[in-house]
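Participant: need coordinates for the below:
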Amino acid sequence: MKFLSYIISAIFAVVFFSLLLIFHPLQWLGLKLFGQKGHQQVVNIMNWFLIKSLLILGIRVDVENEHDLPENTTLIFVSNHQSTFDISPIIWYFRKHNPKFVSKKELGKGIPSISFNLRHGGAALIDRKDSRQALTELANFSKRIAKNNWSAAIFPEGTRSRNGEPKSFSPNGLKMITKHNPEAYIVPLTINNSWKVFKYGKFPLGLGSPIKIKTHKPIKVNSLPFNELAISIEKTIKEAIDC
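Facilitator: This next block holds a predicted model:
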């Protein structure tokens with residue numbers, strides 16, 4: 001199986017990075033010709049293609065959502081983090097809520113399409129070595145989300161789990177976002193199996209394990225004191241993780 005994975009992974013890598021190269025100038029055109037909405041439409045379509053490219057690896061993405069998510073208001077998607085392939089499904093399946101990500105600053109340069117979207121699409125790019133910069137960036141991001149009626153997406157673990165075992169959640173980023181969006185709803189998400197794509201390391205990639213995302217019941221930000229809210233969200237997300 002691992003030998004076969006080398007061949008299939010090489011094909012996938014060519015397709016995946018070709019999509020990033022193709023959509024980089026399309027994002028630029030969308031932004032210049034049609035503004036923020038045009039750019040976001042291109043980003044949504046790109047992420048649909050990125051999700052479908054996973055089928056080359058025999059990986060499908062299943063999103064379970066039994067809840068009616070509030071509309072015309074800010075949502076804060078809070079999720080565990082297992083791999084880079086967590087991001088595209090959140091962008092595509094929750095696209096009508098315009099989720100914007102909190103990301104590390106390093107991703108804002110050097111990656112076709114992805115870096116462009118992070119710089120121009122409304123994301124927060126934080127320097128994890130500079131707490132002052134991180135707090136200022138998160139505050140500006142939180143205000144931007146509120147002003148534009150967008151939604152936020154944050155991985156409180158900070159870095160991805162390499163074996164599916166969840167790490168401790170840091171509440172600081174979420175606390176800043178909720179501070180400036182007290183009328184928002186938090187939507188906990190649990191992601192399973194995406195770590196298996198990298199079970200051999202960066203190359204080759206794992207084959208055939210479906211990525212599953214479970215949507216939990218939305219919680220109004222101001223319905224609980226923040227500390228209780230943070231504990232409840234972390235417990236909800238982690239209890240649904242299959243390790």
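
Participant: pull the number of nearby residues for P156.
Facilitator: 22 (other CB atoms under 10 Å). Where C-beta positions appear, they are placed from N, C-alpha and C, glycine not excepted.

Participant: name the SS class of it, please.
Facilitator: Here P156 is coil, with the state taken from DSSP: H, G, I helix; E, B strand; the rest coil.

Participant: tell me who's in contact with it.
Facilitator: Contact analysis of P156 by CB atoms under 8 Å, 6 or more residues apart in numbering lists 78, 169-171, 173-174, 234.

Participant: need phi/psi at it.
Facilitator: phi -70, psi -10 (degrees, to the nearest 10).

Participant: so what's it closest to, chain neighbours aside?
Facilitator: F169 (3.8 Å; CB to CB, 6 or more residues apart in numbering).

Participant: quick one, phi psi at that neighbour?
Facilitator: Dihedral angles for F169 - degrees, to the nearest 10 - are phi -90, psi 130.

Participant: need the contact list for it.
Facilitator: 156-157, 230, 233-234.

Participant: gap between it and Q36?
Facilitator: Here the criterion is CB to CB, to the nearest Å. By it, F169 lies 31 Å from Q36.

Participant: now I177
Facilitator: I177 is 20 Å from Q36, where distance means CB to CB.

Participant: likewise S115?
Facilitator: 17 Å.

Participant: these two - which one has more neighbours?
Facilitator: More crowded of S115 and Q36, by other CB under 10 Å: S115, with 18 against 15.

Participant: hang on, I111 packs against L20?
Facilitator: Yes: if you go by CB atoms under 8 Å, I111 and L20 touch, sitting 7.2 Å apart.

Participant: the residue most central in space within the chain: which element?
Facilitator: The residue lying closest to the centre of the chain (CA atoms, centre = their mean) is I87, at 3.4 Å. When elements are assigned from DSSP states H and E, I87 belongs to helix 87-93.

Participant: does anything pack onto that helix? Which helices or strands?
Facilitator: Using 3 or more CB pairs under 8 Å, 6 or more residues apart in numbering; DSSP states H and E, the elements in contact with helix 87-93 are helix 2-53, strand 61-65, strand 99-104, strand 211-215.

Participant: which residues of this structure score low on pLDDT?
Facilitator: Scanning the chain for pLDDT under 70 picks out 1, 243.

Participant: which strand is the longest one in the protein?
Facilitator: Of all the elements of type strand in the chain, the one with the most residues (DSSP state E) is strand 185-192.

Participant: other residues contacting it?
Facilitator: With contacts defined as CB under 8 Å, 6+ apart, strand 185-192 is touched by 69-70, 73-82, 86, 90, 164, 174, 178, 211-221, 229, 233, 236-238, 240-242.

Participant: nice, that's everything, thank you.
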